[in-house]
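In: Give the three-dimensional model of this entry:
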Amino acid sequence: GKINKDLKKLGIETIESDVIFTRKIAKDIGYYNNINIIDQKIIKGIEEKIQVCYFDLELNMENETIISIALVDRNGKEYFFCCDSEKEIIEQFWEVAKEYDVWVAYYSDFDEKQLRNSIQRHKLRNIDLRYIQIVDIMNLFKRSKQQDLEEWSLEFVAKAEKLKHQKVQVDDFIEAYEHNRPLLRERNVSDCWMIKELDEKYSIIDIKIQQSNIVGLNLESCMYYSIPVEMLIFRYVMENSLKIIFPNRKERGEEKYKYRGAVVFQPEGGLKKNVLILDLVSLYNRIVQNYNLSPEVFIKYCKERNYTPKSLEDKSNVDDKVLDGVIDFCSKQEKGMLPKILQYLETYRNEYKAKRDSYINDKKQIIDQEKYKHYDMMQNSFKTFLLVFYGTMGDKSSRFYIQELSESITKIGRDNLNRLKEYLEKKGIEVI
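Out: Residues are numbered from 1 along each chain as shown. All right, here's what the predicted structure looks like:
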């Protein structure tokens, strides 16, 4: 980091210097857990069981010491650690929790910070959290919801989601710790059960585990989607021996200009009868595939047409004639890496969808809930990548951002929607 900053001060450009060493090894050597993009074979291990537990701790807020820790695993086994010594609470918790690969908490930043502070205070050098993946399910749940809730406390979410377990009321935690530990246990353990229920309802952790398997990164690196998308592209480049080096990511906030995006038709008010809803499935994903919009194909366009790409400092839109030329050129070239990656992801997703649907009978009834849910979770793992690819590519801070390609995608989308609207109106169908 420091060397990179010093070189930047000297005006020396660095390339891929912001890829941390673990991801650099994965990129350059090709160490990945499971999917081989070249031959589309799933290497043994993608569905390997990872040991997951759900934990919650309670504090004495006056001196910020831990007074109890609860843990529930996926088999429903409960643990409660509470005694007169904070040091003993942590040591007892560790003896059980160290057997689990992933610890899930609700707003884990708080729990992890308190736990680390207490470990450091008691100089518990035998406890090493570096090899434990602590995951914040609140953050993942918030990003999976299509609408905002009034608040995101575990108590409110449990009520909103109608979970079986609800918050146990404890008015005074110190009083409970000193005189009513069964009540403290009930509260502490019920919080773990709420976290577990929320996870099982939406397969939040399983989806994230499978996504980390797909790209060969740990869970922490997959909390947001820009890094996994980067690794999918890096990996494709490595496996296909492509001589491509990518620039560093840009700092967020460097450029606030927004290029032309989608078209949004203004809705008409009033009650309507016989309303038909049309949805263009995976529009941007299909545009990238069908029109072959990929960075290395665009670079070829620039070389052959002697075209200089727009810089981030240029705040103007790309001329439509240029976009039409880029689209026409790319669509006539050999399929590029982005369309291939998206096609592979879509192929895997469709395989898992077919497996999922094989557990639905002719009466549209699910005949094996467990297997249906498992394969639905698997197809959702791939679906998410398909959905976020354009967002990552269209992000100006991304190392893969090219304005001409981003605007080409949105232009094709606008043109297609406008053509669809015109077609329907010619048929006498009102578009509302």
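In: Average pLDDT for the helix or strand hosting residue 178, rounded please.
Out: Following DSSP states H and E, one finds residue 178 within helix 173-179. Regarding helix 173-179, the rounded mean pLDDT is 96.
In: Let's see the very next helix or strand once past it as CSV, backbone CA atoms only.
Out: Following helix 173-179 in sequence order, the next helix or strand is helix 181-202 (DSSP H and E). As requested, the backbone C-alpha atoms of helix 181-202 are provided in CSV (Å, rounded to 0.1, in the frame of the first residue of the first chain):
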residue,chain,number,x,y,z
ARG,A,181,-29.4,-16.5,34.9
PRO,A,182,-32.1,-18.8,33.5
LEU,A,183,-33.8,-15.7,32.1
LEU,A,184,-30.5,-14.4,30.8
ARG,A,185,-30.0,-17.8,29.1
GLU,A,186,-33.5,-17.7,27.6
ARG,A,187,-32.8,-14.3,26.1
ASN,A,188,-29.3,-15.1,24.9
VAL,A,189,-30.2,-18.4,23.3
SER,A,190,-33.4,-17.1,21.7
ASP,A,191,-31.4,-14.4,19.9
CYS,A,192,-29.3,-17.2,18.4
TRP,A,193,-32.5,-19.1,17.3
MET,A,194,-33.8,-16.0,15.6
ILE,A,195,-30.6,-15.6,13.6
LYS,A,196,-30.7,-19.3,12.7
GLU,A,197,-34.4,-19.1,11.6
LEU,A,198,-33.7,-16.0,9.5
ASP,A,199,-30.8,-17.7,7.8
GLU,A,200,-32.8,-20.9,7.1
LYS,A,201,-35.8,-19.0,5.7
TYR,A,202,-33.7,-17.3,3.0
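In: What residues sit buried inside helix 181-202?
Out: Of the residues in helix 181-202, 181, 183-199, 202 count as buried by neighbour count, 16 or more other C-beta atoms under 10 Å. Using the backbone N, CA and C atoms, a C-beta is placed for each residue, glycine as well.
In: returning to what we had before: need the residues that contact the helix holding residue 178.
Out: With C-beta atoms under 8 Å, 6 or more residues apart in numbering as the contact definition, helix 173-179 has outside contacts at 58, 59, 60, 61, 62, 67, 68, 82, 170, 183, 184, 187.
In: now swap in stretch 330-342 and tell me
Out: Applying C-beta under 8 Å, 6+ apart, the set of residues contacting stretch 330-342 is 37, 232-233, 236-237, 240, 242, 285, 288-298, 300-301, 386, 389, 393, 408.
In: what about the strands in the protein?
Out: 35-36, 41-42, 52-60, 65-73, 78-81, 102-105, 133-136 (DSSP state E).
In: Any regions of the stretch 151-300 of the chain where pLDDT drops low?
Out: Per-residue confidence of the stretch 151-300 of the chain (counting by pLDDT under 70) places the weak regions at 252-257.
In: ranges for the helices of it?
Out: Along the stretch 151-300 of the chain, counting by DSSP state H, counting those that start in this stretch, helices occupy 154-160, 173-179, 181-202, 204-215, 226-239, 283-291, 295-305.
In: likewise the stretch 1-150 of the chain?
Out: When secondary structure is read from DSSP H, counting those that start in this stretch, the stretch 1-150 of the chain shows helices at 2-9, 21-29, 86-97, 108-121, 137-144.
In: Switch these over to a markdown table; also include distance to residue 259, mean pLDDT and mean neighbour count.
Out: As requested, the helices of the stretch 1-150 of the chain are arranged in a markdown table below (distance: least, C-beta to C-beta, whole Å; pLDDT from 0 to 100; neighbours: other C-beta atoms under 10 Å):
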| stretch | distance to residue 259 | mean pLDDT | mean neighbour count |
| --- | --- | --- | --- |
| helix 2-9 | 26 | 76 | 10 |
| helix 21-29 | 29 | 58 | 14 |
| helix 86-97 | 48 | 97 | 18 |
| helix 108-121 | 34 | 95 | 16 |
| helix 137-144 | 24 | 89 | 17 |
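In: want to try a markdown table for those helices, with distance to residue 49 as columns?
Out: Rendered in a markdown table, the data for the helices of the stretch 1-150 of the chain read as follows (distance: least, C-beta to C-beta, whole Å):
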| stretch | distance to residue 49 |
| --- | --- |
| helix 2-9 | 39 |
| helix 21-29 | 23 |
| helix 86-97 | 17 |
| helix 108-121 | 22 |
| helix 137-144 | 19 |
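In: Can you say which of those helices is nearest to residue 158?
Out: Checking the helices of the stretch 1-150 of the chain against residue 158 by C-beta to C-beta gives helix 137-144 as the closest, at 11.4 Å.
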